[in-house]
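[1] give me coordinates for this.
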Amino acid sequence: MFTVPSFPNNTREVIKHGPKLGATPRVMVGKNMRRAIPVSLSLLTLAWMAGCGIVSGGGGGIGSTQPNAFSGQYAFFLAGFDSNGLPIAIAGSMKADGLGNISGGEVDVNDNGTVSSNSSLTGTYLFDATGNNTLGTIMLTNLVTNVAQPLGFAFSLQASGGFGSIMSLDANNFIAEGTMELQSASALSLSAMAGDWVVTINGRISSIPTSALGRFTLASSGATSNVAFDRSVAGSTAGTAGPTTGASATVTFAGAGPDAIGRGTFTLALNDALANGTQNFAYYAITAKRFIAVETDANGTLIADFASQSTPLMASTVVTTGSVFGLAGVDNVAGGEITAVGQLQITGANTGTLHLDSNDNGAIVSGATLPIQTVTFDPTIGRGTLAAQSGYANGLADSMVFYLTAPGMGFIMDATAGSTNRAMAGPLMAQAGAPYSAFTDLSGLGIVRSRGSSVNDALALVGLFGLQSGSSKYELLFDQRFPGSTGIQTQTDSPATGISLLGLDPSVGRGTVSVPSGSNVATEVFYVIGPNQFYFIDISPLSSGLIGASSLFFVSPQ
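    Reported below is the predicted structural model:
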């Protein structure tokens, strides 16, 4: 089935896009899929390596896998919706022993403001031996307070076992997806975590889609300084606020630091034009460069992703000949999902270009090129802003804010003032550099993940993408969950085959692929970050009947 080339060591995180609930499914593969695998091939890039023994060569196929591919302490987090369509966020840590057993874990679950936890997770995990069923499953045996059934997940791993995609797969019928990553014991203390950090926070405050970007300096005592945050609320009259600094923006970590498996707590207080108050989080340390968190109060269902910031930054750090972004948010008018992918180029203080594609709940902007009118950048905190001509009209934003972790790298967010704000946010990734080609950038095998941002477009997906054996076409094998007319629908071992590359711009890195669906063909667009790393969304014409809502596939870790 698959030809398995060598896998990159720096596989990152991709983006997805899937069909709109109630719309004609876009990619009909296997059984009557309602939500055609957001085959947003955003996945080309995810180095999937189903945990370990993928067999290469001749007959292709996913070969026998051994449980020792999954070994060590892993932090994970997921976000999505519960079986009633209410927001849910989950974060935790669990230990795999390499023999099929799970132990030594903790988890925090926030189901629409109802917070539960368990500090003694146990269970089992299993790899599929043939690739004809779920690529990997984890079933926990003990309950989490206020959660009716034990948690369970489907997952996919890089060959090294260091990073993977994870989605809910249990009787609770949660539609949630995220990442899992091997933790480093040397990072499990505040002294090891001390330094400069950039964070992206996404989810809901009450029921309102909200995103925030910020940065701070963390001391080994848990105190923070040099705090700055920007916040966006989709559809709010106020729309956006920031930068919020000083006493109006504080982050405080509990002085005891993380426990033996990396769990600790912190509070975030933001008082701006959009909201006032303090929110509580549980975090899980992963490495000296990353940790994750979930909100643990009744005020919202936010998840947070932290990346270390290289300092000092220079004024020239803002200049980038090519950075790829992938943004997801909620349309302020239709209430459906909106996504955009593209390339950002900043060549000077007030000069630059945006190349982008956007899907606003089925309204497509394809191959737009927009001039950047103004750029600001503060190297002391790594915060910048830009104004894009006709950005909102082209499915993006007229004004955006970004926080950089390094040149061309960081997170970016819609900073448009007023009710047109969509709270779009996502990663910003420096490209490897032109020229881009299928031979150098599309030859790998990848793990894939996808999640819907709107309840109307709820979806969770993990899978494997690669070249078909002996062919120039690609194939996707995936598991997914989505809401249907008869409740939560789950599909495993669903293949999409015969996916063709239609073209790839060698200078920008923009490419398109076609995905057969009966007598119709869906079209996906992607932007290359580096070898086997991209962001994808669907841009099928409305007339095809295949278009759905939008959402992003990521390639990771960050």
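[2] can you name the next helix or strand after the worst-scoring helix or strand of the chain on mean pLDDT?
    Least confident element among the helices and strands of the chain, by mean pLDDT, DSSP states H and E: strand 13-15 (a mean of 32). For strand 13-15, the succeeding helix or strand toward the C-terminus, using DSSP states H and E, is strand 71-81.
[3] that next one packs against which elements?
    strand 87-97, strand 163-168, strand 175-182, strand 278-287, strand 290-295, strand 303-308 (3 or more C-beta pairs under 8 Å, 6 or more residues apart in numbering; DSSP states H and E). Every residue, glycine included, has its C-beta placed from N, CA and C.
[4] who's in contact with stretch 417-424?
    Outside stretch 417-424, the residues within contact range by C-beta atoms under 8 Å, 6 or more residues apart in numbering are 202, 209-211, 232-240, 327-332, 338-340, 392, 396-399, 413-416.
[5] start and end of it, how far apart?
    This stretch, stretch 417-424, spans 13 Å end to end (C-alpha to C-alpha, to the nearest Å).
[6] would you indicate which residues of it are buried?
    417, 420-424 (16 or more other C-beta atoms under 10 Å).
[7] which among these gets closest to residue 88?
    residue 423 (18.2 Å; C-beta to C-beta).
[8] confidence score at that closest one?
    Residue 423 is assigned 93 on the pLDDT scale.
[9] and residue 344, by the same measure?
    pLDDT, residue 344: 97.
[10] chain center to whichever strand or helix holds it: distance?
    Using DSSP H and E, residue 344 sits in strand 337-348. Its chain's average C-alpha position is 16 Å from that of strand 337-348, according to C-alpha atoms, centre = their mean, to the nearest Å.
[11] I'd like the next helix or strand past that strand.
    Immediately after strand 337-348, counting by DSSP H and E, sits strand 351-360.
[12] in this structure, where's the longest strand?
    strand 487-504 (DSSP state E).
[13] report the inter-axis angle for that strand versus strand 175-182.
    Angle, strand 487-504 to strand 175-182, by axes from the mean of the first three to the mean of the last three C-alpha atoms, to 10 degrees: 60 degrees.
[14] now strand 487-504: buried residues?
    Per 16+ other C-beta under 10 Å, strand 487-504 contains these buried residues: 488-492, 494-496, 499, 501, 504.
[15] next: stretch 427-441.
    427-432, 436, 441.
[16] which of these has the weakest pLDDT?
    residue 441 (88).
[17] and that residue, what are its phi and psi?
    Backbone torsions for residue 441, taken as degrees, to the nearest 10, come to phi -110, psi -10.
[18] measure it to residue 237 for me?
    43 Å (C-beta to C-beta, to the nearest Å).
[19] A strand includes residue 230, no?
    Yes: assessed with DSSP: H, G, I helix; E, B strand; the rest coil, residue 230 lies in a strand.
[20] next up, the contacts around residue 483.
    Neighbours of residue 483 in contact, by C-beta under 8 Å, 6+ apart: 21, 81, 85, 175, 458, 489.
[21] tally up the residues packed near the nearest residue to residue 388 once chain neighbours are set aside, please.
    Spatially, and ignoring its direct neighbours in sequence, residue 388 is nearest to residue 370 (5.0 Å; C-beta to C-beta, 6 or more residues apart in numbering). Neighbour count of residue 370, defined by other C-beta atoms under 10 Å: 19.
[22] how about the one 4 residues further on?
    When counting by other C-beta under 10 Å, one arrives at 13 neighbours for residue 374.
[23] list the buried ones in the host helix or strand of it?
    Here residue 374 is covered by strand 363-378, with elements defined by DSSP H and E. Residues of strand 363-378 classed as buried by neighbour count (16+ other C-beta under 10 Å): 364-366, 368, 370, 372, 375, 377.
[24] and for stretch 169-186?
    Residues of stretch 169-186 classed as buried: 169-170, 172-184 (neighbour count, 16+ other C-beta under 10 Å).
[25] farthest-separated two in those residues?
    Maximum distance among the buried residues of stretch 169-186 (C-beta to C-beta): 33.9 Å, for 173 and 184.
[26] pretty sure residue 313 contacts residue 404?
    Yes: in this structure, residue 313 is within contact of residue 404 by C-beta atoms under 8 Å, at 6.6 Å.
[27] higher neighbour count, the two?
    Comparing residue 313 with residue 404 by other C-beta under 10 Å, the one with more neighbours is residue 404, at 27 against 21.
[28] can you tell me the SS state at the more buried one?
    strand.
[29] mind listing the residues bridging to it?
    Taking DSSP bridges as the rule, residue 404 bridges to residue 410.
[30] tell me who's in contact with it.
    Taking C-beta under 8 Å, 6+ apart, one finds 198, 309, 313, 317-318, 382, 384, 410, 428 in contact with residue 404.
[31] tabulate those residues (a markdown table), appending secondary structure.
    As requested, the contacts of residue 404 are exported to a markdown table (three-state DSSP):
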| residue | secondary structure |
| --- | --- |
| 198 | strand |
| 309 | coil |
| 313 | coil |
| 317 | helix |
| 318 | helix |
| 382 | coil |
| 384 | strand |
| 410 | strand |
| 428 | strand |
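[32] low-scoring stretches of the stretch 1-150 of the chain, by residue?
    1-66, 129-134 (pLDDT under 70).
[33] again, only using 50
    Low-confidence segments of the stretch 1-150 of the chain, defined by pLDDT under 50: 1-64.
[34] what sits against residue 82?
    Contacts of residue 82 by C-beta under 8 Å, 6+ apart are 88, 111-112, 172-175.
[35] tell me the pLDDT at the nearest residue to residue 345 once chain neighbours are set aside?
    Closest residue in space to residue 345, ignoring its immediate chain neighbours: residue 353 at 4.7 Å, by C-beta to C-beta, 6+ apart. Predicted confidence (pLDDT) for residue 353: 96.
[36] same question for residue 558.
    Value for residue 558, per-residue pLDDT: 36.
[37] residue 213 too?
    98.
[38] what angle sits between the regular element (helix or strand) spanning it and strand 303-308?
    Taking DSSP H and E as the criterion, residue 213 maps to strand 208-218. Following the same axes, to 10 degrees, one obtains 30 degrees for the angle between strand 208-218 and strand 303-308.
[39] direction included, what does strand 208-218 pair up with?
    strand 195-205 (antiparallel), strand 224-233 (antiparallel).
[40] got the ones you listed as CSV, with mean pLDDT, distance to residue 164 and mean neighbour count columns?
    Formatted as CSV, those follow (pLDDT from 0 to 100; distance: least, C-beta to C-beta, whole Å; neighbours: other C-beta atoms under 10 Å):
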stretch, mean pLDDT, distance to residue 164, mean neighbour count
strand 195-205, 96, 20, 22
strand 224-233, 96, 30, 22
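[41] can you add distance to residue 145 and give these back as a markdown table?
    Shown next, in a markdown table, are the strands paired with strand 208-218 (distance: least, C-beta to C-beta, whole Å):
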| stretch | distance to residue 145 |
| --- | --- |
| strand 195-205 | 21 |
| strand 224-233 | 31 |
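[42] can you tell which of those is closest to residue 451?
    That would be strand 195-205 among the strands paired with strand 208-218, by C-beta to C-beta, at 10.5 Å.
[43] quick one: that closest one to strand 71-81, angle?
    Angle, strand 195-205 to strand 71-81, by the same axes, to 10 degrees: 40 degrees.
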